[in-house]
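In: give the three-dimensional model of this entry:
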Amino acid sequence: MFNAAAEDNFQKAYDSITGADIGKHVKEISSDRYMGRAPTGPGEKLTLDYLTKQFTELGFKPGNGDSFLQPVDLVEIIGNEDQVLTIGGKEYKYRKDMVTGTSRTSEYEQLKNSELVFVGYGINAPEYDWNDYEGLDMKGKTAVILVNDPGYESGDPNLFQGTTMTYYGRWTYKYEEASRQGAAGAIIIHETAPASYPWTVVENSWTGPQYGLWKDDGNKGRVAVEGWIQLNVAKEIFTKAGLNFDKLKKQAMQKPMSVKLGKLTASVEVKSKVKKSVSNNFIATLPGDKAADEHILYTAHWDHIGFDETKKGDQIYNGAHDNATGIGGLIEIAQAFAELKQPLSRSVTMLAVTAEEQGLLGSRFYAENPIIPLNKTVAAINMDSLNILGKVKDISVNGLGKSELDDYLTTAAAKQSRTPVTGEHPSAGYYYRSDHFNFAKVGVPALYAGGGNEPVDEATVKYRKKMSLIVTGCYHQPCDKFRTSWDLSGAQQDVQLFFDVGYNIANSEAWPKWSETAEFKRQK
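Out: Residues are numbered from 1 along each chain as shown. Down below sits the predicted model:
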């Protein structure tokens, strides 16, 4: 039955979300004062204090008993900058040619004359009848691995999911599988197109302090050394082994394969400073009425990658787009829910997670240690790097078709005269690269969408061209700063849409389901 008062109430809350207010929060937490918001760094307390102030003023309750914080036990590992990877008598330099490190909580790990084995894409996937490690004994050996998965460059729709990346294409999976195979080391060959980012991202993101979840066993289940090498280094190594890299890569696209790199071995010493530390997820709840124990979860990561004193010039990675915008959106959605005069049936919980940039660690910790039982978590809606390029006629959905959340999104988008489309660059595997993925893995339907490709008018077309020139190359770089010239009307569109989706699920008794073709299932 149509309720005019409730509809008017919803519309006022919806309209209270503005690009200017999103920008206000982005400008604050991406300022130099927050020093790049590295977990456990000087910006963490400032960020958490800011979130506590905002959510307290909005009437949200602490989500973890009487606290807004969920401590996350991390280990900080800082590798030595003078690392040298020696292969075939040649020394390859840290940052310039390669980046190596360890995920073990150990002050010293090494590869010493470790035999090199090219294992194609380094995938063991029974459901795709694919095992690059078949018949191999990897003990003491180092796996050399292609990035992405076989469907990407082959373009064959019958291989995995064609040009849409699966989790098997992610760098995190490569190291996990090499570890399961008992390898001593795992080295990924960097290529910009299949990785979807340039070498500078590897150089900046996998050097300096690296974080992992604290493991009492020292994380000994991981390979001793993991890392990346530049493409030109890989080709040189293959040539030394009497092999043709391009030819072998083409073979690896077509079927599982492995080949020893002749008599070549790898040696490297990783000397690390290891420190156990505690960071925090932030969690706040607006309690529901009839079904208060059931929660709609909104997520965004508050962290970025801090600062680098070895850099000349600007040393602070402000992380304005990635992901101060997501936090701005989180606060604005909370503000809209707080505007409602009638209580929601279900509760709404806001989760700002830590250590996303280090491998989705905060959300992984939460998913493994949920405060809200997973069987009471109805859905998750994630925001990461909101649209700063103006209004669009479509809405880009990563993982379109994976769950019934798309139906709620389609309805909300129609109110904005927008149409859902498959997320741009599906080969980049964005559905597996942000915090919602950890909820999907444990069965909670998770939505990850934002932006679009079709500007609303010619003025926006011109603005997008101009702004794209300014911000291109700023991903994980010091130039990712808040700019007053940003047009945040597109971010406003998306945040209003996400509010609409959550509002409708929160006032429903339905439990959105995964589609039959999705690789995820809700746990019982």
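In: check which helix or strand covers E332.
Out: helix 325-339 (DSSP states H and E).
In: by contact count, what packs against the next helix or strand after that helix?
Out: Using DSSP H and E, the helix or strand that follows helix 325-339 in sequence is strand 346-353. Under the contact criterion of 3 or more C-beta pairs under 8 Å, 6 or more residues apart in numbering; DSSP states H and E, strand 346-353 touches strand 259-286, strand 291-301, helix 325-339, helix 361-368, helix 489-506. Glycine gets a C-beta too; all of them are placed from N, C-alpha and C.
In: CA atoms of the helix holding E332 as CSV?
Out: The C-alpha atoms that make up helix 325-339 are tabulated as CSV, following Å, rounded to 0.1, in the frame of the first residue of the first chain:
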residue,chain,number,x,y,z
THR,A,325,35.7,9.2,-1.4
GLY,A,326,34.3,5.9,-0.2
ILE,A,327,34.5,7.0,3.4
GLY,A,328,32.7,10.3,2.4
GLY,A,329,30.0,8.2,0.8
LEU,A,330,29.7,6.0,3.9
ILE,A,331,29.2,9.0,6.2
GLU,A,332,26.7,10.5,3.8
ILE,A,333,24.6,7.4,3.6
ALA,A,334,24.6,7.2,7.4
GLN,A,335,23.5,10.8,7.5
ALA,A,336,20.6,10.0,5.1
PHE,A,337,19.5,7.1,7.3
ALA,A,338,19.7,9.3,10.3
GLU,A,339,17.3,11.8,8.6
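In: and that helix with strand 346-353, angle?
Out: 160 degrees (axes from the mean of the first three to the mean of the last three C-alpha atoms, to 10 degrees).
In: same for helix 325-339, what does it pack against?
Out: helix 4-15, helix 19-29, helix 42-57, strand 259-286, strand 291-301, strand 346-353, helix 489-506.
In: what mean pLDDT does the last one get?
Out: Pointing back at helix 489-506 there. Per-residue pLDDT values over helix 489-506 give a mean of 98.
In: chain center to that helix: distance?
Out: Relative to the centre of its chain, helix 489-506 is centred 21 Å away, using C-alpha atoms, centre = their mean, to the nearest Å.
In: helices or strands up against the strand or helix carrying V461?
Out: In this structure, V461 sits in helix 458-471 according to DSSP H and E. Judged by 3+ C-beta pairs under 8 Å, 6+ apart, helix 458-471 has no packing partners among the helices and strands.
In: nearest to N219, out of the helices and strands packed on strand 346-353?
Out: Proximity to N219 (C-beta to C-beta) singles out strand 259-286 among the helices and strands packed on strand 346-353, at 10.6 Å.
In: and the next helix or strand past the helix or strand bottoming out on mean pLDDT in the chain?
Out: Counting by mean pLDDT, DSSP states H and E, the chain has its least confident helix or strand at strand 209-213, which shows a mean of 87. Next along the chain after strand 209-213, taking DSSP H and E as the criterion, comes strand 225-229.
In: ok, now which ones touch the closest residue in space to E134 that isn't next to it in sequence?
Out: Residue nearest to E134 in three dimensions, not counting chain neighbours: P256, with 6.3 Å by C-beta to C-beta, 6 or more residues apart in numbering. By C-beta atoms under 8 Å, 6 or more residues apart in numbering, the contact set of P256 is 120, 123, 130-132, 134.
In: before we move on, back to that, now render the helices and strands packed on strand 346-353 as a markdown table, adding mean neighbour count and distance to W228.
Out: Listed next are the helices and strands packed on strand 346-353 as a markdown table, based on neighbours: other C-beta atoms under 10 Å; distance: least, C-beta to C-beta, whole Å:
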| stretch | mean neighbour count | distance to W228 |
| --- | --- | --- |
| strand 259-286 | 20 | 12 |
| strand 291-301 | 23 | 23 |
| helix 325-339 | 25 | 27 |
| helix 361-368 | 23 | 19 |
| helix 489-506 | 25 | 32 |
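In: tell me which of the ones you listed lies nearest to K462.
Out: Across these, closest to K462 is helix 489-506 (C-beta to C-beta), at 14.6 Å.
In: restrict the closest one to CA atoms and write it as CSV.
Out: Extracted C-alpha coordinates of helix 489-506, given in CSV (Å, rounded to 0.1, in the frame of the first residue of the first chain):
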residue,chain,number,x,y,z
SER,A,489,27.6,15.1,-8.9
GLY,A,490,28.4,11.5,-10.2
ALA,A,491,29.5,10.4,-6.7
GLN,A,492,26.2,12.0,-5.3
GLN,A,493,24.3,9.9,-7.9
ASP,A,494,25.9,6.7,-6.7
VAL,A,495,25.7,7.4,-3.0
GLN,A,496,22.0,8.2,-3.4
LEU,A,497,21.5,4.9,-5.4
PHE,A,498,23.3,2.9,-2.7
PHE,A,499,21.2,4.5,0.0
ASP,A,500,18.1,3.6,-2.0
VAL,A,501,19.2,-0.1,-2.4
GLY,A,502,19.9,-0.4,1.3
TYR,A,503,16.7,1.3,2.3
ASN,A,504,14.6,-1.1,0.3
ILE,A,505,16.3,-4.2,1.6
ALA,A,506,16.2,-2.9,5.2
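In: quick one, it and helix 4-15 angle?
Out: Going by the same axes, to 10 degrees, helix 489-506 makes 140 degrees with helix 4-15.
In: and helix 489-506, what does it pack onto?
Out: Using 3+ C-beta pairs under 8 Å, 6+ apart, helix 489-506 sits against helix 4-15, helix 19-29, strand 291-301, helix 325-339, strand 346-353, strand 377-382, helix 405-414, strand 446-449.
In: pull the distance from the fourth one to the chain's centre.
Out: The gap between where helix 325-339 is centred and where its chain is centred comes out at 20 Å by C-alpha atoms, centre = their mean.
In: and if you look at stretch 119-127?
Out: On C-alpha atoms, centre = their mean, the centre of stretch 119-127 falls 22 Å from the chain's centre.
In: what's the angle between the helix holding E332 and strand 291-301?
Out: Using the same axes, to 10 degrees: helix 325-339 against strand 291-301 is 150 degrees.
In: one step back: what comes up buried for the helix holding V461?
Out: For helix 458-471, the buried set under the neighbour-count rule, 16 or more other C-beta atoms under 10 Å, comprises 460, 463-464, 467, 471.
In: show the average pLDDT along that helix.
Out: 96.
In: which non-adjacent residue is nearest the most centrally placed residue in the chain?
Out: Among the residues of the chain, the one closest to the centroid is S434, at 2.6 Å (C-alpha atoms, centre = their mean). Excluding the flanking residues, the one nearest S434 by C-beta to C-beta, 6+ apart is D384, at 4.4 Å.
In: give me the low-pLDDT residue ranges for the stretch 1-150 of the chain?
Out: 1-2 (pLDDT under 70).
In: make it 50
Out: For the stretch 1-150 of the chain, the stretches flagged by pLDDT under 50 are 1.
In: what's the pLDDT at the nearest residue to K112 once chain neighbours are set aside?
Out: With sequence-adjacent residues excluded and distances taken as C-beta to C-beta, 6+ apart, K112 is closest to S267, at 5.4 Å. On pLDDT, S267 comes in at 98.
In: likewise for N204?
Out: 86.
In: what does the one 10 residues further on give?
Out: The pLDDT attached to W214 in the predicted structure is 91.
In: likewise for the one 3 residues further on?
Out: At D217 the predicted local distance difference test score is 93.
In: and for Q523?
Out: For Q523, the predicted pLDDT is 83.
In: S277 too?
Out: 89.
In: that one: what's it in contact with?
Out: Taking C-beta under 8 Å, 6+ apart as the criterion, S277 is in contact with 39-40, 74-76.
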